[in-house]
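S.K.: Starting from these lines, generate the structure:
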Amino acid sequence: MIAQAKGKYVRVSPMRARQVVDLIRGKDVPSSLAILTHLNKGCSKTINKILGSAVSNAKQKGLSEEQLFVSKITANQGSVWKRYRAASFGRAMKIQKKTTHIIIELDLITK
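M.R.: Predicted structure coming up:
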């Protein structure tokens, strides 16, 4: 692991975040950024920001984007915000707003 970035309590469900995360796992950083830029999913912008943060952390160590690839990326379930909505006959229906913890680790490309 050369650089790491975390996004905690991201307001997207883990299942939807995993769809995007699986697309860029194991790819190099420039192609991962291109995929996230052109992807039509709601959480792709957030994951793009977290990946940009990891790249910035690697640049602080003197590395460039072309030398890095996404070695490990996870989208784990965070806490669930519990809300209630009014229903018929005076009842209340539960709404669960799920959050996600996204962790990105970058490593050097070995040739």
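S.K.: Which helix or strand contains the residue nearest in space to the middle of the chain?
M.R.: In the chain, the centroid-proximal residue (Cα atoms, centre = their mean) is Ile47; its distance is 3.8 Å. Assigned by DSSP states H and E, Ile47 belongs to helix 44-59.
S.K.: What is that helix packed up against?
M.R.: Helices and strands touching helix 44-59, by 3 or more Cβ pairs under 8 Å, 6 or more residues apart in numbering; DSSP states H and E, are strand 3-10, helix 14-24, helix 29-38, strand 68-86, strand 92-108. Using the backbone N, CA and C atoms, a C-beta is placed for each residue, glycine as well.
S.K.: JSON lines for the ones you listed, including distance to Ser53 and mean pLDDT?
M.R.: Converted to JSON lines, the helices and strands packed on helix 44-59 look like this (distance: least, Cβ to Cβ, whole Å; pLDDT from 0 to 100):
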{"stretch": "strand 3-10", "distance to Ser53": "4", "mean pLDDT": "97"}
{"stretch": "helix 14-24", "distance to Ser53": "15", "mean pLDDT": "96"}
{"stretch": "helix 29-38", "distance to Ser53": "12", "mean pLDDT": "96"}
{"stretch": "strand 68-86", "distance to Ser53": "13", "mean pLDDT": "97"}
{"stretch": "strand 92-108", "distance to Ser53": "8", "mean pLDDT": "97"}
